[in-house]
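Novice: Sequence first, then the predicted structure:
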Amino acid sequence: MNSNKGLLSSGFSMVMRNKRYIFWFWLLNLTLAEFGTAAFRRSAHAILDHSFLSDKLMHSFDIGVVVELLQRPEFGRTDSMTSPALYFGFLFFLFTAIFLPGVFAGYASTYRLPREEFFRTCGRNLWRFIRIMIIAGIVMGAITAGLFALNGAIVKKATESTNEVLPFALQMIGFTVIFLIMTTLRIWFDLAEADTVLNDQRAVRKSIAAAFKHTFSSLGPLVTTYVVSTLAAVAFLLGGLSIWMNLVRPDSIIGAFVIAQITLGLLLIPRFWQRGIAVSYWQQHMQAPVAAVQATEATPVVTPPAPVAAPPEPVPVVSGSSNPPEETH
Amino acid sequence: MTTRRKIALLALFVLGVTAFVTRKTVTAAPQAAAPAKAAEAPNSAPSGGLSIPDTTLGVNSSTPMSQRIVHYEIDARYDATNHTIDANEVLTYHNLTGQPLDHFPFHLYQNAFQPNATWVREAKRDGSRDTAYDHWDPKEYGSEEITSLEVVGQGDLTKNLQYISPDDGNKDDKTVADLKLSKPIAPNTFVQFKIAFHEQMPETQARSGWKRDFLLGGQWFPKVGVFWHGAWNCHQYHATTEFFADFGVYDVKLTVPQNEVVGASGVEVSDVNNPDGTKTVTYHGDDIHDFAWTVSPRYKVKEATYQSQMGPIKLRFMMQPAHWDQVDRHEKITRETLDHFEKWYGPYPYKTLTVVDPEPDSAAEGMEYPTFITGGTSWFMPEGLRFPEVVVEHEFGHQYWYGMVATNEFEDAWMDEGINSYTEVKVLDDILGKNTSMINWAGMTLGEPAEQRLSYASVADRDAMAQNAYDYYSSNSYGGITYGKTASVLLTLEGIIGEDIMAKAMHTYFMKYRFTHPTKEDFLKTIEEVSGKDLRWYFNQAVYGSPVLDYEVSQVDSDPVNWYVDKKDKKEPKKGAKDDTVYQSYVALRRKTDFVMPVEVEIKFDNGEKIREHWDGQSRWTRFSYQKKAKVVSAEIDPDHTIQLDRNNFNNSFVVDANPKPTYKLSTYWLFITQWVSQAMAWWAV
């Protein structure tokens, strides 16, 4: 329990020390989504802006008006609205993959990581992350597909029961099991990503192997911390939606926008918290002992970070350079 | 009289023996032999002659309410393991056609659920809500087999049965069998058929059949066609058609396992346990034209009484255990619907009403039979989602528009489904609110009128209302036109003749045509008579034709009259001072499609002035012009919102100053969803 608490708190403190990452990812998320929704906005403006009928949308969410809007040929096909949204959603995922190494480095750092260092880390680890993502995609995709197929078969079998709630209950149990297994896999690859960045590991297979070993040797504490952070995400989402529905007036556009963005900003925190937990775990359990490194007379390039004691002249965490970082403001 | 009775009894005995020996299968499906013993029907014909009983056990009336043509006496045994029914049916038919009848067509509806049947072909073509046919197992098929048919006085005529397919010529369709008699039945006399039949009920399709341990017995017995307008009317069973039958009396004995909870049309007469672990429940129905029943060992039942204008009605709610907490919702909407129908249209005369909450996922939801309806809900159903209320109200409405006003559902589906959808809008709007009668949940709203109009708008130009139900372009078109368009046509009609007049017309129509088979012209003429208006211009377009209605405000302009004066020479009015500029304004309206309808338009000016104009809609467009010291700020066609038929309501108005707020609101929602999906993708993938 104490180790869980330690991981949770240390991971969370990393997120809090680096709040700017949340902000930038939120801004990236918002910007890309703005592009993704532009087609929808353009079509809706053309139909709604000069019609009295659209007033019905202001006092409640009148499904009839929305359906009529979607049915209009001049509004365009539904996939012309959803495709850009998905495309820019995919871009957000790509940008996340690109910038994540910098986040890991920033979390592990005992000082504010300079911008140049952040992007250098991102660049150095880009191809490594792509390889990890491919392997993770294959492993997670195969296992998830199998689990969903199994869950579907169980639920289908359950529909033969005279207990109407049974299929739903089994589906929820199945989803929970799938979530836990997926979370375990996510922990595995989060640790692999952390190890790759923080160990400056070129051979990602070694990071994946080490992360696999650690994931299953500390499965309980790690899964618990990830579940706790996921529950936080659920709480943020439900809380945000509840406030939106109950406290924001139906005709308040600004109110809706603000509460939506606050909710989405808060929703980013739990996932970054999980990454903080991965970094914290790496520092506590996967980092090579400093003494051992010194014994091999390693060059400064591979010197691991010193997470606890902040040196008077900080040593870069992942950089091969021994120059002190520049403080950025 | 005595001698004739003896001869008749002797003839019956001989024919019975003959029937037993020469029994012949008339369906293709091989089935087990049916019990040979003759039906021991209650209330059998009086000795010395045949007749239709004049009982009133099932109605709150001292005299029969309909012209009773048929009397069905059925003794059925249900095998709950194999989902089969073996039954003996005695049908007494009163020939009131005014002419001799030498043949009788019978519906054998359960044969629709065979791979080559017309019903399945159509359902497969259009997509069925009931079955994924690629995975359809033969054990889920249905079949209906007359194992013997005797006509009293003419002997066993089983061999005379011939399958016919009057609608599409499909030789593989066995949903109608025609019986050629040895000698015609004279006008105003009776004929009695003794039929033994065996049925394999299908896994539920078209609100009939079994699912798990549940059964809905709908369209389950050989039923004679209707002699209507000088000919037999007995259509094949189609994927989009329902039914048509004569009024009469039903006496039905159902023998089922003792653990089953039984519900059925009519009044329960007795419930007797048998030594073999079964029980026989007997029902009697007066002035009805069909009989349906259900069994399941898991029903939970609530009974209540409703005091109608004609007497007490026993309400029976048969709920799924997981839905028991919704029984009060079902009762409440049933009572409120009864209140409205009795007040607006006329009295409900029957002594019972059974509301069945059918097996989930059973394709048995939302169906009407006389005094017996099925609802539809699920275990999770917040109060603001009014689907159970909508279904119960709609199916109850069919007690009037189908049950009593028994229109031909094969040929005029809009007259039961559509008129019923119209009254559904009226009743539910009154009970649950015009904009919230379907959904009022989590900040979202949807009203019945919008739902009906949208279902029509998506298929507006596909078909006319007045056409055979099986001749629609698709099942979507059938649904959108018969339900949605009819409701929208009648709501629009309110705007033409007035809501009160329309209400009076509906009441008149019900009272005049209850317990009869009215035609579309009966309905339309009633409206014209009550309103005192010639409405052919409207009916020809809306009912008999398929033109689409779409009016548009196509131009709103205001320009200063002295637009040619150089700007620098113009005197700009001081802030807050009255603008004395005279504007030339134009408002143009367009009729974009072929439906011609006079409309009102309201034009608003920036000085607060409002002008209402009338346009007969005869030309393709019209333009109104004004010269005022005010600019036009908006124009709106149909400002009172009486025209439900307009396919596009967005272009019915034009506001000069754009209001982007609704778009921003929707965009905010869409933005949120997009961002959230992006985050979820990134959560798991990296």
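Specialist: Arrived safely, thanks for sending.

Novice: quick one: the closest residue to B:Pro358 other than its chain neighbours and chain A, what's the gap?
Specialist: Distances taken as CB to CB, 6 or more residues apart in numbering or on different chains put B:Ala364 closest to B:Pro358, at 3.9 Å, once the chain neighbours are dropped. From N, CA and C alone the C-beta is placed, and that goes for glycine too. Look at B:Ala364 and chain A: by CB to the nearest CB, to the nearest Å, they are 14 Å apart.

Novice: got it, and B:Asp168?
Specialist: On the measure of CB to the nearest CB, B:Asp168 and chain A end up 32 Å apart.

Novice: secondary structure element for B:Trp683?
Specialist: helix B:661-685 (DSSP states H and E).

Novice: if we can go back for a sec, the residue nearest to B:Pro358 contacts B:Trp210, correct?
Specialist: No: applying CB atoms under 8 Å, one finds B:Ala364 not in contact with B:Trp210, separated by 9.2 Å.

Novice: Could you tell me which residues touch both of those two?
Specialist: Common contacts of B:Ala364 and B:Trp210 (CB atoms under 8 Å, 6 or more residues apart in numbering or on different chains): B:204, B:216.

Novice: Pick out the least confidently modelled helix or strand of chain A, by mean pLDDT.
Specialist: For chain A, counting by mean pLDDT, DSSP states H and E, helix A:290-295 ranks last in confidence among helices and strands (a mean of 48).

Novice: How far does the longest helix seen in chain A sit from its chain's centre?
Specialist: Longest among the helix segments of chain A by residue count, using DSSP state H, is helix A:115-158. Offset of helix A:115-158 from its chain centre (CA atoms, centre = their mean, to the nearest Å): 12 Å.

Novice: In the stretch 201-350 of chain B, what residue lies closest to chain A?
Specialist: Closest residue of the stretch 201-350 of chain B to chain A, CB to the nearest CB: B:Ala322 (4.3 Å).

Novice: Give me the neighbour count for that residue.
Specialist: 20 (other CB atoms under 10 Å in any protein chain shown).

Novice: okay, and for chain A, where does confidence drop off?
Specialist: Residues of chain A meeting the criterion pLDDT under 70: A:1-4, A:290-329.

Novice: In chain B, which residue sits nearest chain A?
Specialist: Counting by CB to the nearest CB, chain B gets nearest to chain A through B:Ala450 (3.0 Å).

Novice: pLDDT score for that residue?
Specialist: Looking at B:Ala450, its pLDDT is 96.

Novice: Give me the phi and psi for it.
Specialist: For B:Ala450, the backbone dihedrals (degrees, to the nearest 10) come out as phi -60, psi -40.

Novice: Equivalent analysis for B:Val226, please.
Specialist: According to degrees, to the nearest 10, B:Val226 has phi -110, psi 130.

Novice: buried ones in the helix holding B:Trp683?
Specialist: Judged by neighbour count using 16 or more other CB atoms under 10 Å in any protein chain shown, the buried positions of helix B:661-685 are B:661-679, B:681-683, B:685.

Novice: Then stretch B:173-187?
Specialist: Buried residues in stretch B:173-187 (16+ other CB under 10 Å): B:173-179, B:181, B:185.

Novice: can you tell me the distance between the two ends of stretch B:179-195?
Specialist: 12 Å (CA to CA, to the nearest Å).

Novice: Can you report how many residues lie near residue 288?
Specialist: Defaulting to chain A. 12.

Novice: that answer is for a different chain, and I need it for chain B
Specialist: 27.

Novice: show me where the chain has helices.
Specialist: Went with chain A since none was named. A:2-17, A:19-36, A:38-48, A:56-59, A:63-71, A:78-108, A:115-158, A:166-198, A:204-217, A:219-247, A:253-281, A:290-295.

Novice: that's the other chain; I wanted chain B
Specialist: B:2-21, B:118-126, B:327-344, B:387-397, B:413, B:419-432, B:448-457, B:475-479, B:486-497, B:499-513, B:520-531, B:536-542, B:661-685.

Novice: which outside residues touch the second one?
Specialist: Looking back up the chat, that one is helix B:118-126. Contacts for helix B:118-126 (CB under 8 Å, 6+ apart): B:112-114, B:130-131, B:133, B:165, B:167-168, B:170, B:173, B:175, B:205-206, B:236-240, B:470, B:474-476.

Novice: Any idea how far that helix is from the middle of the chain?
Specialist: Counting by CA atoms, centre = their mean, helix B:118-126 comes out at 20 Å from the chain centroid.

Novice: excluding its backbone neighbours, what's nearest residue 208?
Specialist: You didn't say which chain, so I picked chain A. A:Ala192 (4.5 Å).

Novice: my question was about chain B
Specialist: Using CB to CB, 6+ apart, the nearest residue to B:Ser208 is B:Gly218, at 3.9 Å.

Novice: looking at the helices of chain A, which is buried most?
Specialist: helix A:253-281 (a mean of 22; mean count of other CB atoms under 10 Å in any protein chain shown).

Novice: So which elements touch it?
Specialist: Contact here means 3 or more CB pairs under 8 Å, 6 or more residues apart in numbering or on different chains; DSSP states H and E; on that basis helix A:253-281 packs against helix A:2-17, helix A:19-36, helix A:78-108, helix A:166-198, helix A:219-247, helix B:661-685.

Novice: possible to save those helices as TSV with distance to B:Asp579?
Specialist: Output for these, formatted as TSV (distance: least, CB to CB, whole Å):
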stretch	distance to B:Asp579
helix A:2-17	59
helix A:19-36	39
helix A:78-108	42
helix A:166-198	65
helix A:219-247	42
helix B:661-685	26
